[in-house]
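S.K.: any chance you could fold what I've pasted below:
(4 chains)
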2 protein chains.
Amino acid sequence: MIIDRNSPIPQYFQLQSWLIEQIEQGLFKPHDKIPTEEEITQLTGLARATIRQAIQNLVAMGYLYRKRRLGTFVLSQSADANKNTMVGVLVHDIRSGYAPEFMRGVGDEAARHNFSIILCNTDDLFSRAEFHANQLIHHGVTGLIFMPTAATPGKNLQLIEKFHQKNIPVVLADREIPGNVFDIVTTDNFQGAYDLTCFLLNKGHRRIAITLSTLFSSERARLAGYKQALIDHEIEPASSLQFTIDERFIEKQYEHYAKIILAERKNYTAIIAGNDPIAYILYNTAMEMGIAIPDQLSLAGYDDLTFSSAHPMELTTVHQPIYEMGQESMKLLLQRIHNGAGAPQSIVLKSHLVERRSVQPIKSI
Amino acid sequence: MIIDRNSPIPQYFQLQSWLIEQIEQGLFKPHDKIPTEEEITQLTGLARATIRQAIQNLVAMGYLYRKRRLGTFVLSQSADANKNTMVGVLVHDIRSGYAPEFMRGVGDEAARHNFSIILCNTDDLFSRAEFHANQLIHHGVTGLIFMPTAATPGKNLQLIEKFHQKNIPVVLADREIPGNVFDIVTTDNFQGAYDLTCFLLNKGHRRIAITLSTLFSSERARLAGYKQALIDHEIEPASSLQFTIDERFIEKQYEHYAKIILAERKNYTAIIAGNDPIAYILYNTAMEMGIAIPDQLSLAGYDDLTFSSAHPMELTTVHQPIYEMGQESMKLLLQRIHNGAGAPQSIVLKSHLVERRSVQPIKSI
DNA sequence: ATTGTTTAATTGTCTATACAAATATACAAT
DNA sequence: ATTGTATATTTGTATAGACAATTAAACAAT
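M.R.: Residues are numbered from 1 along each chain as shown, chains lettered A, B, ... in the order given. Next comes the predicted model:
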């Protein structure tokens, strides 16, 4: 029987559910005519008004359409057409670093599947991220790509939870949330920094400094790779050569810090910058201080931003496959959107060294 | 009387319209309780089922909400909540030139008004733009910010028409569509180039070359400004010093072209690049050819991209208020969304010269 | 102070019935 | 061949009435 008259579930609702089932199981196919109201009356014993209530709900939900004199029909893509093909992308600042390249990767992959992307700048502030999260949910996005903010893990989790509660899949990009496992696409920061450090060691450098921000998992992994490379070459990593900050990167402040770092340059022959923008600040500061790069000091970066290839310094750096990171993030997200949740996946993309001219070998070796 | 029983308009529909009117005129205010079904029965003489039909439609439309035992109430933002707060932004390539800065300006202004932006990369191809246009309309955006593609005016118009047919306002950014008047936000390219050329003239330069692409109105205006400045200084603009291309800007091709341009450098003492990226290509090519800038040749750009301030060349260029262009585009769009169409507005933002060190005065003067 | 019970108001569900409007189809008239 | 007309079918609109479920508020019991 289609209708259980003793059930507490309203009968119109039972009929509705039954009809949806028939459609989704393909028993009523797109453009098929479903039974007329009169026929359903006989099928179920319900009054016509009740049947109409059910049918009209389904029309509103996009399952059915009606034509006078002809009957009621199944809509082509049944409710799937109603499904949004928009995803949100929360980035730090579209202007900074590799964000444009990343967005382009996301955007291209999205377009290939007829999805659109909503761009949100968080300035790495939780409050902004939260604002945009609410907006995105209100817009009915079907997925989110999220670069965690510099806020505490708890706050980032809270934000993700908001989406998960609405069954909206989330893919993290670039940065992890410590102590938690989610779908994530990153580059191999540890290996990249390890390889870069080994490269410097092979060039004869023994006292290698590093400067970066420990705020993000990505840069922390680079620090770890740097240390491991030193240890594997039987060099004890000296904390005096690790110029780390645990704050947000702000250009003006870093210019000041760069002077302090370079003032101690007698203690090292090479320095690794946690990312390319920092490398450029170091370079400019070094120029001001009359330190020649690479003759007096070798400098390496990390990121290989697009304009790094155009810059006359010709920075030796680690190329991150940022476009691919965007693409893969979107691919993973689409998979979640279409196939539902599953065991969290972690995609790690390989980085590779780009040797240019900002590193010189130590001759005494 | 609320209901005209002789009208061919269904009575539930008449009631519906009446209720909407009350709400929109503010007679029923947000969170106000509207009369109960029983009361409306007495008010109108309609059967309760008819009244319910009207009310339930309004609930579906987002005008009302109901609470058992309590009554039916007006929703806070009545149907406005249903209104989408998404706008599309069609840019060339988010990675190139000032696009990130522009998007940020758009995004910040949008966020301030609780709007979100959908980012679309067109690669300056009409087919891509058309694809995204269809997507955006399908998503139900309430506005569009559009940087016209390099396609013919006709095709760009066709695209805009698509939005206008759906009553979706469109604001053009940066580039005009020749022979047509729309809402548009640009920078004063003519004046900027005029000022820049005057600056070079004041430094004693008389033979000033220029290289740019004539594909876009913005660069054509710069060319015009350059010519006018020369004429105003009683110098006949020589076509042999105008190295224009009418193709899309492609870095590799331009590197080749740069060599040809620089081979003729005996004919001029200064050169204006149509935009900063071209200036950097000229700079790098000049370096390769052993031409010292600014000692042997003065170079000026146009755009003042963010990394221009960090680049060691220290390019003298014209700063374009790109962030503001994004902001103003969004402001104008919001005005159209909220107040409807009107006489097309053209907002022209002032550019200003940024003097750095890539231009040297001619000593013989 | 908290918890349970009753009451009344209001919306929610459902039936039975009637006529209106639209429209595909068949057929007739021109 | 086109136009008009009738007909049957189906959804659309509308009514009257009944009972169910929910719940704010008042009241009672502990």
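S.K.: list the residues that contact A:Ser218.
M.R.: For A:Ser218, the residues meeting the contact criterion (CB atoms under 8 Å, 6 or more residues apart in numbering or on different chains) are A:174-175, A:186-187, A:189. Glycine gets a C-beta too; all of them are placed from N, C-alpha and C.
S.K.: so of those, which ones are in helices?
M.R.: Using DSSP state H, the members of the contacts of A:Ser218 that fall in helices are A:Asn189.
S.K.: need the max-distance pair from the contacts of A:Ser218.
M.R.: Taking CB to CB as the measure, the contacts of A:Ser218 span a maximum distance of 10.8 Å, between A:Arg175 and A:Thr187.
S.K.: that older thread, now the contacts of A:Ser218 as CSV including distance to B:Val141?
M.R.: Putting the contacts of A:Ser218 into CSV (distance: CB to CB, whole Å) gives the following:
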residue, distance to B:Val141
A:Asp174, 29
A:Arg175, 30
A:Thr186, 32
A:Thr187, 33
A:Asn189, 37
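S.K.: packing partners of the host helix or strand of A:Gly326?
M.R.: The secondary structure element spanning A:Gly326 is helix A:322-339 (assigned by DSSP states H and E). Judged by 3 or more CB pairs under 8 Å, 6 or more residues apart in numbering or on different chains; DSSP states H and E, the packing partners of helix A:322-339 are strand A:86-91, helix A:99-112, strand A:143-146, strand A:170-173, strand A:184-187, strand A:346-349.
S.K.: so which of these gets nearest DNA strand D?
M.R.: With respect to DNA strand D, and counting by CB to the nearest atom of the strand, the nearest of those is strand A:86-91 at 30.5 Å.
S.K.: now the closest one: average pLDDT?
M.R.: Strand A:86-91 shows an average pLDDT of 97 in the prediction.
S.K.: could I get the contacts of A:Ser218 as TSV with distance to B:Gln345 and neighbour count?
M.R.: Below are the contacts of A:Ser218 laid out as TSV (distance: CB to CB, whole Å; neighbours: other CB atoms under 10 Å in any protein chain shown):
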residue	distance to B:Gln345	neighbour count
A:Asp174	41	24
A:Arg175	42	23
A:Thr186	46	22
A:Thr187	45	25
A:Asn189	48	26
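S.K.: may I see the contacts of A:Ser218 arranged in JSON lines, with distance to DNA strand D and pLDDT as well?
M.R.: Output for the contacts of A:Ser218, formatted as JSON lines (distance: CB to the nearest atom of the strand, whole Å; pLDDT from 0 to 100):
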{"residue": "A:Asp174", "distance to DNA strand D": "45", "pLDDT": "93"}
{"residue": "A:Arg175", "distance to DNA strand D": "43", "pLDDT": "91"}
{"residue": "A:Thr186", "distance to DNA strand D": "46", "pLDDT": "95"}
{"residue": "A:Thr187", "distance to DNA strand D": "51", "pLDDT": "96"}
{"residue": "A:Asn189", "distance to DNA strand D": "52", "pLDDT": "95"}
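S.K.: and which of the contacts of A:Ser218 is nearest A:Ala221?
M.R.: Proximity of the contacts of A:Ser218 to A:Ala221 (CB to CB) peaks at A:Asn189, which lies at 3.7 Å.
S.K.: could you check the pLDDT of A:Ile55?
M.R.: Reported pLDDT for A:Ile55: 89.
S.K.: shaky segments in the stretch 201-350 of chain A?
M.R.: Under the criterion of pLDDT under 70, the regions of the stretch 201-350 of chain A flagged as low confidence span A:309.
S.K.: the stretch 201-350 of chain A: helices as residue ranges?
M.R.: Counting by DSSP state H, counting those that start in this stretch, residue ranges of the helices within the stretch 201-350 of chain A are A:217-232, A:251-263, A:276-288, A:322-339.
S.K.: so can I have JSON lines of these showing distance to B:Ile260?
M.R.: As requested, the helices of the stretch 201-350 of chain A are arranged in JSON lines below (distance: least, CB to CB, whole Å):
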{"stretch": "helix A:217-232", "distance to B:Ile260": "43"}
{"stretch": "helix A:251-263", "distance to B:Ile260": "38"}
{"stretch": "helix A:276-288", "distance to B:Ile260": "31"}
{"stretch": "helix A:322-339", "distance to B:Ile260": "32"}
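S.K.: to A:Val106, which of these lies closest?
M.R.: Nearest to A:Val106 among these is helix A:322-339 (4.1 Å), distances taken as CB to CB.
S.K.: list the contacts of stretch A:358-365.
M.R.: Under the criterion CB under 8 Å, 6+ apart, external residues in contact with stretch A:358-365 comprise A:199-200, A:203-206, A:269-270, A:279, A:283, A:293-295, A:298-301, A:313-316.
S.K.: for stretch A:51-64, same thing?
M.R.: Judged by CB under 8 Å, 6+ apart, the contacts made with stretch A:51-64 from elsewhere in the structure are A:12-13, A:15-16, A:19-20, A:23, A:34, A:37, A:40-41, A:44, A:65-66, A:72-75, A:78-79, A:81-82, B:60.
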